[in-house]
Structures are given as C-alpha cells and as structure tokens.
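Asks: Here's my sequence, what's the structure:
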Amino acid sequence: MVAKVRPARASDSNALSLLANKLMPREARTPDRIRVLKLSLRKPNYYLYVAEEDGRIAGFVDLWVFSDFVHAGRMGIIQNLFVERELRHRGIGDCLMTGIVSLANRLRLRELHVWTSFENRPAVSLYRKHHLEKRSLLLEREF
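Replies: The predicted model follows:
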C-alpha cells in the first residue's frame, strides 16, 4: 500500500509532536513543539506534509521557502524528514520526497536544499534518488 501524502493540519499537532520526539528526543518539550508547529503552519512560506498509512501519521517532511536576491528567486530548505522506524523501507519516505519535490516545482523554486548527517546513508540515498546532490558543506552553531 502506498502512503497517502497530504498537507498537515493543526489537528495533527499532537501526533506530529510524538514523531518529533522520536526524531530528536530531549531537544524540546512537547508543549513548546506544538506551539511552534501551530505558529509555523500559519506562515505562508512554510509547508508541512504528512504521510498517512492505515489511518495514522507515519511520517512527515517540512519545507521552508525564502527569497534569495543573489539567485533572483526563491529557494527551499527541507528542514526535517522523518518516518516511523517500524514503517521504514515501505516507500513512505519516497512518497514524502515525491510530494515535496512536486511542490518545489509548482512553487518554481530555484534550488532545493536538505541536510543530514554523513552517517545517515538511507537518507542520503533517498535524497540522491530525488536528484539532490552534495554541493556544499553546512556548518552549524547552536545557541
């Protein structure tokens, strides 16, 4: 069965927060995640898609869009992509990526960016399958 991909709704916040806790445990408190998620969903440059399988949210992908004057157009960053561990290797991540790449095309983005750790080989393979290539290095500083 192929997962159904659809835009997230505010009513998905609890389920999405549970998935976020699995993606990045101890990173944030659940109420804070839900608050930020609901605020983000109201922003015109934020897109969050969920994959449903058997009536439950099995994964999600989110995209931030921003203007870049140097490229004279809009760019997108896939901030997060996550699929429940027990549901992986069933094509759900592929469905999410297909949906987000299709959205990027409809939005006429100039570039689509994503990052993951070098060790996350399944994610790297998924991103490469959707024609994202290693072109730069992302450096990060946490506050």
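Asks: my read: Leu126 touches Asp94, true?
Replies: Yes. If you go by C-beta atoms under 8 Å, Leu126 and Asp94 touch, sitting 6.7 Å apart. (C-beta placed from N, C-alpha, C; glycine too.)
Asks: Looking at the two, which one has more neighbours?
Replies: A direct count of neighbours by other C-beta atoms under 10 Å for Leu126 and Asp94 places Leu126 higher, at 19 against 16.
Asks: tell me the SS of that one?
Replies: Classification of Leu126 using DSSP: H, G, I helix; E, B strand; the rest coil returns helix.
Asks: next helix or strand past whichever strand or helix holds Phe82?
Replies: Assigned by DSSP states H and E, Phe82 belongs to strand 73-83. With elements assigned by DSSP H and E, the helix or strand that comes after strand 73-83 is helix 92-106.
Asks: helix/strand/coil for the residue nearest to the spatial centre of the chain?
Replies: Residue closest to the average C-alpha location in the chain (C-alpha atoms, centre = their mean): Val61, at 2.3 Å. Secondary structure, three-state DSSP: Val61 is strand.
Asks: where in the chain is pLDDT low?
Replies: 1 (pLDDT under 70).
Asks: rewinding a little: give me the buried positions along the strand holding Phe82.
Replies: Going by neighbour count (16 or more other C-beta atoms under 10 Å), the buried part of strand 73-83 is Arg74, Met75, Gly76, Ile77, Ile78, Asn80, Leu81, Phe82, Val83.
Asks: What of stretch 91-106?
Replies: Neighbour-count burial for stretch 91-106 [16+ other C-beta under 10 Å]: Gly91, Ile92, Gly93, Asp94, Cys95, Leu96, Met97, Gly99, Ile100, Val101, Leu103, Ala104.
Asks: Export that stretch to CSV, keeping only CA atoms.
Replies: Written as CSV, here are the backbone C-alpha positions of stretch 91-106 (Å, rounded to 0.1, in the frame of the first residue of the first chain):
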residue,chain,number,x,y,z
GLY,A,91,8.3,3.7,0.3
ILE,A,92,6.9,6.3,2.8
GLY,A,93,10.0,8.5,2.6
ASP,A,94,9.9,8.2,-1.2
CYS,A,95,6.2,9.4,-1.2
LEU,A,96,7.1,12.3,1.1
MET,A,97,10.0,13.3,-1.1
THR,A,98,7.9,13.0,-4.3
GLY,A,99,5.3,15.3,-2.8
ILE,A,100,7.8,17.9,-1.6
VAL,A,101,9.8,17.9,-4.9
SER,A,102,6.5,18.3,-6.8
LEU,A,103,5.6,21.2,-4.5
ALA,A,104,9.0,22.8,-5.2
ASN,A,105,8.4,22.5,-8.9
ARG,A,106,4.9,24.1,-8.6
